[in-house]
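> Dropping a prediction and its sequence here:
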Amino acid sequence: MTLTWSHAFVNVKNLNQMVSFYTDVLGFRVNDQADGIAFLSQLEDEHHQIAFKEDADQGNASSRVGHFAFRVESLVEVKRLYQELTSNDEVGKVVPVTHGNTWSIYFHDPERNGIEVFCDTPWDADQPFAETWDPQMDRADLETYTTNLIKEHGDLKANPRAQVDFGSV
Ligand SMILES: [Fe+2]
């Protein structure tokens, strides 16, 4: 299994100031912004390289990192890691979350830094989008479950990172 760096999720005190700096000065664009969360990227095929969440209390804490995120190539790898981590006392609770465009698991490293490991789904979804999913589900059931969730939030669109055949969905 290879973990590929994807994004950081950072708690900030002043969202507007941070978004202005990262867009005006550093050249990021905002892909989605809602519910006090902004998702920024400079890459066509990466929805966010960095996400900011406005949280005055968290912003004053010693660590402002919400989580580091790593991509793996397949759902099988996410499921395998989930099984391994659920029996590992060092990481605490392992939480499965789908963002519509990902099947993710969240956990903490031994010093309580947040980690997300995910694979892409074939679809895109307006963000923020966070729903639970069951790593015990087989792929066909999980695809049905996930597409139904996405349709409840909006239109089903192709993930720019993935080749999608809607005929098989
Ligand atoms: Fe994330």
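Received the coordinates, thanks. Numbering: from 1, shown residues only.
> switch to C-alpha atoms for all contacts and neighbour counts from now on
Will do.
> List the neighbouring strands of the biggest strand by length in the chain plus their orientation.
Criterion DSSP state E: the longest strand present in the chain is strand 4-12. Under the criterion DSSP bridges, strand 4-12 sits next to strand 50-54 (parallel), strand 65-71 (antiparallel) in its sheet.
> worst average pLDDT in those?
With a mean of 89, strand 65-71 has the lowest mean pLDDT of the strands paired with strand 4-12.
> Any idea how far it is from the middle of the chain?
In this view, strand 65-71 has its centroid 8 Å away from the chain centroid, taken as CA atoms, centre = their mean, to the nearest Å.
> Show me what secondary structure element comes after it.
Next in sequence after strand 65-71, counting helices and strands by DSSP states H and E, comes helix 75-86.
> which helix in the protein runs the most residues?
helix 139-153 (DSSP state H).
> Which strands and helices lie in contact with it?
For helix 139-153, not one helix or strand is in contact under the criterion 3 or more CA pairs under 8 Å, 6 or more residues apart in numbering; DSSP states H and E.
> ok and it relative to helix 75-86, angle-wise?
Per axes from the mean of the first three to the mean of the last three CA atoms, to 10 degrees, the angle that helix 139-153 makes with helix 75-86 is 90 degrees.
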